[in-house]
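Engineer: here is a sequence with its predicted model. Questions after.
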Amino acid sequence: MREKGNDMADSKLAVPQLAAVEINGMTRSSLLLRGALAAGAVYGAGAISPFVGKALAQSDGDVEVLNFALTLEFLEAEFYVKGQSLKLGSDAMALAQEFGGHEQEHVDALTSTIKDLGGTPAAKPTFKFPIKDEESFLDLAQTLEDTGVSAYNGAAPSIQSTDVLAAAGSIVQIEARHAAAIRLLTEQNPAPDAFDKALEMQAVLSAVKPLIKA
Amino acid sequence: MHDGPKEVNAMSEGHERSDPERTGALEELTRDPSSRKRFLKMMGGGVAASSAFAVVLAACGGDEDGGGGGGAGTQAGGAGTSTAEQTGSGDLKIVNYALTLEYLEADFYAEVVGSGLFMGAQLDLIKTIGEHEEAHVEALISTVEQLGGTPAEKPKTKFPLESAQSVLELAATVENLGAAAYLGQAGRIQSKEILAAALSIHTVEARHASALNTLTGKSATPDGAFAKPASMDEVLPKVKPFIVS
């Protein structure tokens, strides 16, 4: 079996291979200050983003985590839509359709939850995906799903509400199932480690930054 | 796997902050690339901080788990009780429950590997999964000990190993159940460190389930976009047939 998943551990960037991707001239500040992405920049500093300042005190942190998750789900959902426009084999196309549908359901659920908590859902960024064929599609799909698992696992312990935590758990299990199915399709180890890694929000945001145009 | 840079400064800064959620072990979890070492360190550093977390959780009402099952979660914030002690006993019960399930899984794969029913890539996958379950067993034993508890006894097990196909299907059933079992406990765990550890195992069980479902011609995601949890009361009767004593 080809082994690629452990690459993630070798850098503070969750996904070193993304570092080579075109950045489209975005500056760090213009990118990171957009909507929910600001949440990653203040994670750990005890700060509360101004844009959720009116939410219930207990919910502030949860809204930040949810907006972070929403941004990732926006990215995944659109990625699979783009994937479906490529010439894919039947297995890969089936995954793109089914998994893409799940990610859109995650987007919808997170958006509702954020509104329920009195927060403002993050705006959907514009993305750019360097995929042109089945191989590059599956490669990036695996990276995004593995990163998604680590992102949820890293953020979940900071969630205050047990309802929000249950929702995050329910979603991350699906991300893990996606990751494993994609890995199996590309003849890699579906579970490369006995314990899935957890990543901080900031590391995740840095990793996916090259895919965000505006 | 390489050893990445250890951010010792970030950790000690964390200890000086007033915000207990940013301290110590959880930080380390995200930084140390060796997951096993990471896990064990996490558990080692976790206990001292857990009472502080429990206080924060109780103050925020985060211990309200919606009822059902054991009472430790609902009592944790009650007046006159020791929050830390209640937290410890609830988490201990959950970790021992997880340990029992992992013992079962580890035994199952050991028997399957020894059965001669598999070869090649499928055998490799089964061995890999079995190694994961053994690593989970060891980690959970350490966790129970860190909590000052007594690890659950290893059950004596018996599994029907008739054909490669039936074994793969049983494996898929067990892994889907395991993933649902971890998900069912996530909201009940009081300690942030133990929660992080449980989550890092939960998604690995989900990966196993997905791969085995796919190999047996089932959907990788039988629940659709949102995985369903299972309570202890739902899980234990399903594993009982495999426990001899």
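Structural biologist: Received the coordinates, thanks.
Engineer: which strands and helices sit next to the host helix or strand of A:E175?
Structural biologist: Using DSSP states H and E, A:E175 falls within helix A:162-185. Helices and strands touching helix A:162-185, by 3 or more C-beta pairs under 8 Å, 6 or more residues apart in numbering or on different chains; DSSP states H and E, are helix A:59-84, helix A:90-116, helix A:134-155, helix B:164-186, helix B:192-215. C-beta coordinates here come from the backbone N, C-alpha and C atoms, glycine included.
Engineer: mind putting these in TSV, distance to B:A135, mean pLDDT and mean neighbour count included?
Structural biologist: Shown next, in TSV, are the helices and strands packed on helix A:162-185 (distance: least, C-beta to C-beta, whole Å; pLDDT from 0 to 100; neighbours: other C-beta atoms under 10 Å in any protein chain shown):
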stretch	distance to B:A135	mean pLDDT	mean neighbour count
helix A:59-84	28	94	24
helix A:90-116	28	97	19
helix A:134-155	16	96	24
helix B:164-186	14	97	22
helix B:192-215	9	96	28
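Engineer: which residue is the nearest non-sequential neighbour of A:A69?
Structural biologist: Using C-beta to C-beta, 6 or more residues apart in numbering or on different chains and skipping residues adjacent in sequence, the residue nearest A:A69 is A:L110, 5.6 Å away.
Engineer: so what's that neighbour up against?
Structural biologist: By C-beta atoms under 8 Å, 6 or more residues apart in numbering or on different chains, A:L110 lies in contact with A:L66, A:A69, A:L70, A:E73, A:P121.
Engineer: over to B:K218?
Structural biologist: Contacts here follow C-beta under 8 Å, 6+ apart; on that basis B:K218 touches B:A172.
Engineer: need the pLDDT of it.
Structural biologist: Per-residue confidence at B:K218 stands at 96 (pLDDT).
Engineer: ok, A:A214 next?
Structural biologist: 72.
Engineer: now do the same contact list for A:A181.
Structural biologist: A:A181 sits next to A:L95, A:F99, A:P190, B:S210, B:A211, B:T214, B:A220, B:T221 when contact means C-beta under 8 Å, 6+ apart.
Engineer: no no, B:L168
Structural biologist: For B:L168, the contact set (C-beta under 8 Å, 6+ apart) comprises B:Q122, B:L212, B:L215, B:T216.
Engineer: distance to A:D62 for these - can I get that in TSV?
Structural biologist: Formatted as TSV, the contacts of B:L168 follow (distance: C-beta to C-beta, whole Å):
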residue	distance to A:D62
B:Q122	42
B:L212	34
B:L215	37
B:T216	38
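Engineer: for B:L101, which of the helices and strands packed on helix A:162-185 is the nearest?
Structural biologist: Minimum separation from B:L101 across these (C-beta to C-beta) falls at helix B:164-186, 5.7 Å.
Engineer: so that closest one versus helix A:162-185, what angle?
Structural biologist: Angle of helix B:164-186 versus helix A:162-185, following axes from the mean of the first three to the mean of the last three C-alpha atoms, to 10 degrees, is 150 degrees.
Engineer: helix B:192-215 and helix B:164-186, what's the angle between them?
Structural biologist: 150 degrees.
Engineer: if you tally nearby residues, what's the number for B:P155?
Structural biologist: Residues near B:P155, counting by other C-beta atoms under 10 Å in any protein chain shown, number 17.
Engineer: how about it, what does it touch?
Structural biologist: By C-beta under 8 Å, 6+ apart, the neighbours of B:P155 are B:T100, B:Y103, B:L104, B:I243, B:V244, B:S245.
Engineer: now with 6 Å?
Structural biologist: B:Y103, B:I243 (C-beta atoms under 6 Å, 6 or more residues apart in numbering or on different chains).
Engineer: out of the contacts of B:L168, which touch chain A?
Structural biologist: For chain A, no contacts are drawn from these by C-beta under 6 Å from any C-beta of the partner chain.
Engineer: quickly name whichever of the residues you listed is closest to A:H106.
Structural biologist: Using C-beta to C-beta, the contacts of B:L168 come closest to A:H106 at B:L212, 23.5 Å.
Engineer: ok now do the residue lying closest to that closest one once chain neighbours are set aside, which residues does it touch?
Structural biologist: In space, not counting the residues next to it along the chain, B:L212 is nearest to B:A172; the distance is 3.8 Å by C-beta to C-beta, 6+ apart. Applying C-beta under 6 Å, 6+ apart to B:A172 gives the contacts B:L212, B:N213, B:T216.
Engineer: of these, closest to chain A?
Structural biologist: Proximity to chain A was ranked across the contacts of B:A172 by C-beta to the nearest C-beta; first place goes to B:N213, at 8.0 Å.
Engineer: in this structure that closest one contacts B:A220, no?
Structural biologist: Yes. Contact status for B:N213 versus B:A220: in contact at 5.3 Å, counting by C-beta atoms under 6 Å.
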